[in-house]
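Enquirer: structure of the sequence below:
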Amino acid sequence: MIRTTIGALLASALLAGAAQADCLDDAAVFHGVSPSLLRSIAMQESGMKPWVTNRNANGSEDIGLMQINTIHLPRLARYGITRAHLFNGCTNAYVGAWILRENIHRFGPTWKAVGAYNAASPDKQLRYANKIHARWQALQSAALR
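Expert: Have a look, this model is predicted:
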């Protein structure tokens with residue numbers, strides 16, 4: 001009985017991971033951003049875990065798969081998206097892709113746009129963009145194998 005339960009839990013976790021991966025791809029295509037770039041950001045932000053939260057020094061909170069900052073909640077509310085919705089990996093992926101797309105519109109298709117996903121200061125943007133670039137390169141290399 002215990003093995004069956006553990007097996008079912010593992011299977012559901014794997015299926016949830018696959019569904020989450022599909023959501024990242026779908027969100028990237030919908031918002032016109034690179035699926036591998038969006039996946040790299042999700043890996044950096046949450047380790048691909050949709051339930052993760054982080055409290056920031058300024059009192060804001062980062063939520064879910066793409067670590068959507070609560071500063072976005074007033075704008076998201078106009079679309080019916082609440083804090084609770086951000087714990088849904090698919091909703092979170094679409095919001096993260098939307099934020100990335102906004103940054104690309106603002107800064108162009110640059111690593112600065114990627115850095116701005118996580119930070120406001122140029123130094124922190126550069127550090128973050130370098131981390132994402134390394135993850136993105138690893139994903140690209142893995143895809144070639």
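Enquirer: for Asp26, grab the count of nearby residues.
Expert: Neighbourhood size, Asp26 [other Cβ atoms under 10 Å]: 15. Backbone N, C-alpha and C define where each C-beta goes, glycine included.
Enquirer: ok, the one 5 residues further on next?
Expert: The local packing count at His31 equals 19, with neighbours defined by other Cβ under 10 Å.
Enquirer: on the pLDDT front, check Leu38 for me.
Expert: Leu38 carries a pLDDT value of 98.
Enquirer: with Ser12 instead?
Expert: For Ser12, the pLDDT comes out at 38.
Enquirer: for Ala27, pull up the helix or strand it's in.
Expert: Ala27 is located in helix 2-31, with elements delineated by DSSP states H and E.
Enquirer: do the same with Asp62
Expert: Using DSSP H and E, Asp62 sits in strand 61-63.
Enquirer: and the next helix-or-strand element following the helix holding Ala27, how far out from the chain's middle?
Expert: Moving toward the C-terminus from helix 2-31, the next helix or strand (DSSP H and E) is helix 35-46. Distance, stretch centre to chain centre, for helix 35-46: 5 Å (Cα atoms, centre = their mean, to the nearest Å).
Enquirer: phi first, then psi, for the residue nearest the centre of the chain.
Expert: Closest to where the C-alpha atoms of the chain average out (Cα atoms, centre = their mean) is Met66, at 2.5 Å. Dihedral pair for Met66: phi -100, psi 10, per degrees, to the nearest 10.
Enquirer: how many neighbours does the closest residue to it other than its chain neighbours have?
Expert: Distance criterion Cβ to Cβ, 6 or more residues apart in numbering; nearest residue to Met66, sequence neighbours excluded, is Gly96 at 2.8 Å. Look at Gly96: counted by other Cβ under 10 Å, it has 27 neighbours.
Enquirer: a helix runs through Gly96, doesn't it?
Expert: Yes. Using DSSP: H, G, I helix; E, B strand; the rest coil, the assignment for Gly96 is a helix.
Enquirer: wait, it touches Met43, no?
Expert: No. At 11.9 Å, Gly96 does not count as touching Met43 under the criterion of Cβ atoms under 8 Å.
Enquirer: quick one, what contacts Glu61?
Expert: Taking Cβ atoms under 8 Å, 6 or more residues apart in numbering, we find Glu61 in contact with Thr53, Asn54, Arg55, Asn69, Thr70.
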